[in-house]
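1. Sequence first, then the predicted structure:
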Amino acid sequence: MGEAQLRIGTILPEAKRVPPAGAMRAALAAYVEKVNRAGGLHQRKLELVVASDYAEARQRFAAEPVFALVGPFEPE
């Protein structure tokens, strides 16, 4: 994790498989953009890292650590 950014991870399925996930992804991306435009969090920009399932999350977040996780989306 670089000093200039905070990586925030989340698990969201692909929008074509679970349509509400697309809206959630867009909302998270918009919020990250808003925070970054306002100067970031403690002067550090946020980067949203999205995995589409738990298997991808385990691999991706192990290889590219994140500072925090935003709760995963569980389709019913």
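-> Thanks, I have it.
2. Tell me how many other residues surround Val35.
-> 16 (other C-beta atoms under 10 Å). Bear in mind the C-beta positions are built from the backbone N, C-alpha and C, glycine included.
3. any idea which element it lies in?
-> helix 19-37 (DSSP states H and E).
4. In that helix, which residues are buried?
-> For helix 19-37, the neighbour count (16 or more other C-beta atoms under 10 Å) marks 21, 24-25, 28, 32, 35 as buried.
5. any idea of the angle the helix or strand that it is followed by forms with helix 19-37?
-> Following helix 19-37 in sequence order, the next helix or strand is strand 45-51 (DSSP H and E). Here strand 45-51 runs at an angle of 160 degrees relative to helix 19-37 (axes from the mean of the first three to the mean of the last three C-alpha atoms, to 10 degrees).
6. List the residue ranges of the protein that fall below the pLDDT cut-off.
-> Counting by pLDDT under 70, the chain shows low-confidence ranges at 1-3, 72-76.
7. CA atoms only for the helix holding Val35 - export them in CSV, please.
-> Provided in CSV are the C-alpha atoms of helix 19-37 (Å, rounded to 0.1, in the frame of the first residue of the first chain):
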residue,chain,number,x,y,z
PRO,A,19,-28.2,-6.1,-11.1
PRO,A,20,-28.3,-4.4,-7.7
ALA,A,21,-24.5,-5.0,-7.4
GLY,A,22,-24.0,-2.6,-10.3
ALA,A,23,-25.8,0.2,-8.5
MET,A,24,-23.8,-0.5,-5.3
ARG,A,25,-20.5,-0.4,-7.3
ALA,A,26,-21.5,2.9,-8.9
ALA,A,27,-22.5,4.4,-5.5
LEU,A,28,-19.2,3.3,-3.9
ALA,A,29,-17.2,4.6,-6.8
ALA,A,30,-19.0,8.0,-6.6
TYR,A,31,-18.4,8.3,-2.9
VAL,A,32,-14.7,7.5,-3.3
GLU,A,33,-14.5,10.1,-6.1
LYS,A,34,-16.3,12.7,-3.8
VAL,A,35,-13.9,12.0,-0.9
ASN,A,36,-10.9,12.3,-3.3
ARG,A,37,-12.1,15.6,-4.8
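8. who touches it?
-> 8, 10, 12-16, 41, 45-48, 50, 70, 73, 75 (C-beta atoms under 8 Å, 6 or more residues apart in numbering).
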